[in-house]
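Engineer: quick one: sequence and predicted model below, then my questions.
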Amino acid sequence: MSQSEDPSRRDFLAASLAGAAVGVLASGQSAEAASPSPEKAAATVKVRYAELLPHEFRKRLAERPIAYLPLGTLEWHGEHLPLGADALQSEGLMIECARRLGGIVMPPIYLGPDRAKPTDDGKMLVGMDYADSTTPPRQLDGSCYWVPMGLHLLMVDAILAQLQRAGFRAVFADGHGPSRWSWVENLSERQARFGLKLFGVTKDISRLWKSQVDHAARNETSLVMHLRPDLVDLSQLPASRSVWPQGVARVFAADATAAHGKECFEQSVELVRQMFAQAGLL
Ligand SMILES: [Zn+2]
């Protein structure tokens with residue numbers, strides 16, 4: 001999509017970025033034990049950009065100048081998952097990567113592109129609104145994230161320019177499908193333009209990648225069960241397996257488990273480690 005020369009786009013961009021909030025994960029809670037285990041101590045390391053004091057930022061940046069950018073949405077993920085499932089998963093994965101490998105996690109972007117088409121009554125259907133599993137096609141409750149591709153590209157460009165200015169040398173971004181695809185598609189051009197090493201779920205690793213590979217089905221449901229079990233309610237799924245959950249794509253969500261989520265999560269963290277290692281960042 002071409003980028004318009006509309007002078008108001010800067011204001012629009014600024015407003016959009018200001019709206020990106022910092023997500024909250026259970027893993028960020030403080031350990032109450034007097035002498036926490038190494039695992040617990042690692043879980044309390046601050047890695048979210050917005051939480052760092054300047055001296056903590058300088059130290060983390062010097063140790064590993066890698067930024068993580070979670071690509072989220074506020075989007076219907078079936079009746080059983082929270083609307084922020086995309087950012088919960090991508091930010092959750094990145095927080096773990098940052099704790100194990102170093103680096104700093106940006107606040108998630110909750111706005112993203114998706115396919116869209118007008119309806120006869122003058123409205124617009126977006127993404128899963130007109131998936132095969134949405135019958136009849138309709139605006140799914142709670143979906144509130146769509147931006148045109150041109151605006152998304154501008155937002156990500158602006159974030160990269162700021163990350164480069166702040167001193168980062170590498171950025172890993174991932175999450176919501178269409179945002180992920182756009183990121184990967186523009187990887188080499190942006191790498192040259194911003195002088196940053198950029199990482200994403202490219203073709204080289206996509207077959208092994210196990211994070212956010214369906215829509216609210218077994219994979220995403222398992223990942224949210226691993227990261228935030230308190231936010232999942234499987235009892236909201238249809239009782240009968242012959243009834244497919246609305247707006248859900250791929251394997252049965254009813255087969256999701258936290259253990260499967262952990263497996264997918266660990267495999268993806270390991271792939272990120274391998275990418276960074278191969279690039280000489282670790
Ligand atoms: Zn999702």
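Structural biologist: Cool, got the structure.

Engineer: which intervals of the protein have sub-threshold pLDDT?
Structural biologist: For the chain, applying pLDDT under 70 flags the ranges 1-35.

Engineer: rerun that using 90 as the cut-off
Structural biologist: Where the chain drops to pLDDT under 90, the residues are 1-44, 240-244, 246-254.

Engineer: the strands in it, which residues?
Structural biologist: Assigned by DSSP state E, the chain shows strands spanning 66-71, 104-105, 116-118, 124-126, 170-175, 197-199.

Engineer: now the ones you listed in a markdown table, with distance to residue 246 and mean neighbour count?
Structural biologist: For the C-beta atoms, the positions are set from N, CA and C on the backbone; glycine is no exception. Converted to a markdown table, the strands of the chain look like this (distance: least, Cβ to Cβ, whole Å; neighbours: other Cβ atoms under 10 Å):
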| stretch | distance to residue 246 | mean neighbour count |
| --- | --- | --- |
| strand 66-71 | 24 | 28 |
| strand 104-105 | 32 | 27 |
| strand 116-118 | 18 | 11 |
| strand 124-126 | 14 | 17 |
| strand 170-175 | 22 | 26 |
| strand 197-199 | 34 | 21 |
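
Engineer: closest to residue 81 out of those strands?
Structural biologist: strand 170-175 (14.4 Å; Cβ to Cβ).

Engineer: most residues in a single helix of this structure, which one?
Structural biologist: When the chain is parsed with DSSP state H, its longest helix is helix 258-278.

Engineer: thinking again about what came up before, I'd like the strands of the chain laid out as CSV, including distance to residue 229.
Structural biologist: Shown next, in CSV, are the strands of the chain (distance: least, Cβ to Cβ, whole Å):
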stretch, distance to residue 229
strand 66-71, 20
strand 104-105, 21
strand 116-118, 33
strand 124-126, 29
strand 170-175, 20
strand 197-199, 29
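
Engineer: tell me which of the ones you listed lies nearest to residue 59.
Structural biologist: Closest to residue 59 of the strands of the chain, according to Cβ to Cβ: strand 104-105, at 10.5 Å.

Engineer: report all helices and strands that the closest one contacts.
Structural biologist: Strand 104-105 sits against helix 54-63, strand 66-71, helix 85-101, with contacts defined as 3 or more Cβ pairs under 8 Å, 6 or more residues apart in numbering; DSSP states H and E.

Engineer: stretch 84-99: how far from the chain's middle?
Structural biologist: Relative to its chain's centre, stretch 84-99 lies at 6 Å (Cα atoms, centre = their mean, to the nearest Å).

Engineer: about what we covered before: what's the most buried one of the helices and strands packed on strand 104-105?
Structural biologist: Each of these was scored by mean neighbour count; the highest is strand 66-71, a mean of 28, by mean count of other Cβ atoms under 10 Å.

Engineer: got a list of contacts for that one?
Structural biologist: Residues outside strand 66-71 that contact it (Cβ atoms under 8 Å, 6 or more residues apart in numbering) are 23, 49, 86-87, 90-91, 94, 97-98, 101-109, 112, 156, 159, 163, 168-176, 179-180, 183, 276, 281.

Engineer: if we use 6 Å, what do you get?
Structural biologist: 87, 90-91, 94, 103-106, 108-109, 163, 168, 170-173, 175-176, 179 (Cβ atoms under 6 Å, 6 or more residues apart in numbering).
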